[in-house]
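Trainee: Sharing a sequence plus its predicted fold:
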Amino acid sequence: MEFSPAGFIKSPDAVYDDRFDPRHFIETALTEEEEIISFIEKQPRQYWQEDTLKFYPRAHKIGNLMILRDFLMILKAGLDDPAHWYKMNTYHFCFLYDVLARNAFNYNHDSLEERLNTLPELKGIPLDFELFVKNYFFNTVFLMSEEEYSALSREDKLNRGFDCPCQFGAIHGLTPTREEMELKTSRDYPYSIFV
């Protein structure tokens with residue numbers, strides 16, 4: 001999957017930079033997310049909307065639980081495919097952000113033993129989610145409110161780098177089409193050869 005094309009920002013803790021494995025963090029979070037969605041599905045249907053609002057504070061507005069499950073499966077399939085690079089759109093980033101933010105929060109509030117079980121490579125060091133987003137998310141436009149986004153001119157949006165596909169739909173809570181849900185194969189290698 002494609003993440004931030006910008007320069008890598010180092011942590012003040014060089015040990016953290018050496019130990020943190022972003023791919024493993026994403027893989028762990030997506031695997032745990034299957035359990036979260038299965039848990040919600042076991043609840044009576046009348047609680048699904050309330051649960052998705054709680055577990056997916058941004059992504060809940062782009063679709064129901066079945067759509068969120070589809071996003072999970074699509075992202076897992078993309079991560080598990082070493083033969084291709086994929087481009088994500090704003091819907092993907094929005095869903096992934098909610099999953100990773102919750103996972104990072106839980107990790108940082110777990111006991112040392114639970115941290116070691118979740119991300120053993122960090123040896124219990126707290127996860128810096130803000131730094132992770134700066135380094136690996138080139139698209140955070142979905143963090144804006146509808147009003148903030150709508151107040152920007154087209155030129156302002158482009159100047160701020162808000163040119164990712166599907167951003168209007170994700171911000172305004174439009175249900176994605178099947179095509180908008182799919183990852184797009186990238187012909188470009190998103191990182192420099194030195195990474």
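Mentor: Structure's in. What do you need? Numbering: from 1, shown residues only.

Trainee: In this structure, mark out all the helices, start to finish.
Mentor: 14-19, 22-42, 48-55, 65-79, 90-109, 112-118, 129-136, 146-151, 154-159, 167-171, 178-181 (DSSP state H).

Trainee: quick one: which of those helices is nearest Arg187?
Mentor: Ranking these by proximity to Arg187 (C-beta to C-beta) places helix 65-79 first, at 15.4 Å. All C-beta spots, glycine's among them, are computed from the backbone N, C-alpha and C.

Trainee: centre of the chain versus the closest one, how much separation?
Mentor: Chain-centre distance of helix 65-79: 11 Å, with C-alpha atoms, centre = their mean, to the nearest Å.

Trainee: Please apply the same query to stretch 173-191.
Mentor: Centre to centre, stretch against its chain (C-alpha atoms, centre = their mean), the figure for stretch 173-191 is 13 Å.

Trainee: So which residues make contact with it?
Mentor: Contacting residues not belonging to stretch 173-191 are listed as 1-3, 5, 61-63, 67, 70-71, 74-75, 77-78, 84-89, 91-92, 165-166, 168-170 [C-beta atoms under 8 Å, 6 or more residues apart in numbering].

Trainee: quick one: average confidence on that stretch?
Mentor: Averaging pLDDT along stretch 173-191 yields 85.

Trainee: Can you give me the neighbour number for His84?
Mentor: 11 (other C-beta atoms under 10 Å).

Trainee: how close does it get to Lys184?
Mentor: To Lys184, His84 is 10 Å away according to C-beta to C-beta, to the nearest Å.

Trainee: do Arg115 as well
Mentor: Counting by C-beta to C-beta, the gap from Arg115 to Lys184 is 35 Å.

Trainee: So which of these two has more stuff around it?
Mentor: Per other C-beta under 10 Å, whichever of Arg115 and Lys184 has more neighbours is Arg115, with 20 against 15.
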